[in-house]
Every structure is written in C-alpha cells, then in structure tokens.
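Colleague: Fold the following, please.
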Amino acid sequence: MAPRTVHYAFAHRILRDLALDDSVDLVGEAIAVDLGPKFATMWDDSNAAVAETDRIPPAGLATYVVQRPDYAGVLVTLPAPVEPAEAHAVMVVRGATPADTSYFTWEHGLDATTGGPTVYFCGWNRGGNHVNYGTRQDPSIDAFVNEVGTNLANG
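Modeller: Presented below is the predicted three-dimensional model:
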C-alpha cells in the first residue's frame, strides 16, 4: 500500500517545492489571481508523466485563499486520497519573509493499532524533511485550517 505516484508527487514534492522556493510568493500570487488553472495544469503535467493506468482525475483539486487574523495562506484541496501518505489538502502559509513560509499537509493514513483509516497533521521544513505532528481528532477542513493556526502560534 504505497501512495499513488501523481497524488504523492504533487502534494509532497511539486507543490511543496514551489511553496518553499524563496523566489516565489505563492500566497501573494493567490491573492492576486486564481491559482486553480495553474495547479490544474501542474496536475495534468504530473498525470502525463505516468502510465495511463496510473493517472488520477483532478476532481477535488481546488485552491482557496485563507485570510485570518493570525495568518494568510493558500489552501489546496486534492482528489480524495486512497492510500496512506496521500494528502486530503495542503496549506501554504506566508511568513514575514519568503524564508519563513510554512507548508502543512492533512494526510490520509492508517492507525498503527487498529489498521483502520485515520488522518494526520504534518508539515515540511525547508530542508524537505517531513514532520508528523500526530493524528487529527476532527477530520474537517475547518479543523485543518485551525490546526495550522495553532501550530504557527506554538511554533
């Protein structure tokens, strides 16, 4: 049970690397223009790089600007995850400088004790290392957005 190539690569490599690139202000760009078409093209490019049987339709791929008193970010929802380590959504949060930009994932996983499905709140640091903050009690988008804010406040 490995993550599907397109799903994993998009959330954990392609979009992450773009978001954490110091020369890119993804949040500022999202405030100025709808990033949906750009991300749809990136998803299509990822699909084109794999065999037809491994392609994933983009249903569920959407981009939203989140502007809260405590942070501004770009929320990207993804096609429904199927395998562990595939993300439900990601959040890119603008920092004071590009080097302070944060990247969080809401990931599908399996409970180590029961083997049943669960969800995790994770992040990626600038060195490309994955940080698992643990299971999420409330698997909703609103809770994910709030957990990002809590993590930033405690970080």
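
Colleague: from here on, contacts and neighbour counts on C-alpha atoms
Modeller: Noted.

Colleague: Which residue ranges of the protein form strands?
Modeller: Counting by DSSP state E, the chain has these strands, from start to end: 62-67, 72-77, 87-93, 102-110, 117-124, 130-135.

Colleague: wait, what's in contact with the residue nearest in space to the middle of the chain?
Modeller: Centroid check for the chain by CA atoms, centre = their mean gives Val90 as the closest residue, at 2.0 Å. Going by CA atoms under 8 Å, 6 or more residues apart in numbering, Val90 touches Ala11, Leu75, Val76, Thr77, Tyr103, Phe104, Thr105, Trp106.

Colleague: Val93 pairs with what?
Modeller: Gly73, Ser102 (DSSP bridges).

Colleague: Show me the helices in the chain, by range?
Modeller: 5-9, 15-19, 26-32, 36-48, 141-154 (DSSP state H).

Colleague: wait, which of those helices is closest to Asn129?
Modeller: helix 15-19 (10.9 Å; CA to CA).

Colleague: on that earlier part again, I'd like the helices of the chain laid out as a markdown table, including mean neighbour count.
Modeller: Output for the helices of the chain, formatted as a markdown table (neighbours: other CA atoms under 10 Å):
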| stretch | mean neighbour count |
| --- | --- |
| helix 5-9 | 20 |
| helix 15-19 | 20 |
| helix 26-32 | 17 |
| helix 36-48 | 16 |
| helix 141-154 | 15 |
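
Colleague: Tell me which of those helices sits nearest to Ala85.
Modeller: Smallest distance to Ala85 across the helices of the chain (CA to CA): 7.2 Å, for helix 5-9.

Colleague: Check the offset of that closest one from the chain's centre.
Modeller: 12 Å (CA atoms, centre = their mean, to the nearest Å).

Colleague: Who are the packing partners of it?
Modeller: Helices and strands touching helix 5-9, as assessed by 3 or more CA pairs under 8 Å, 6 or more residues apart in numbering; DSSP states H and E, comprise helix 36-48.

Colleague: contacting residues around the helix it packs on?
Modeller: Contacts for helix 36-48 (CA under 8 Å, 6+ apart): Val6, Ala9, Phe10, Asp54, Arg55, Ile56, Pro58, Leu61, Ala62, Thr63.
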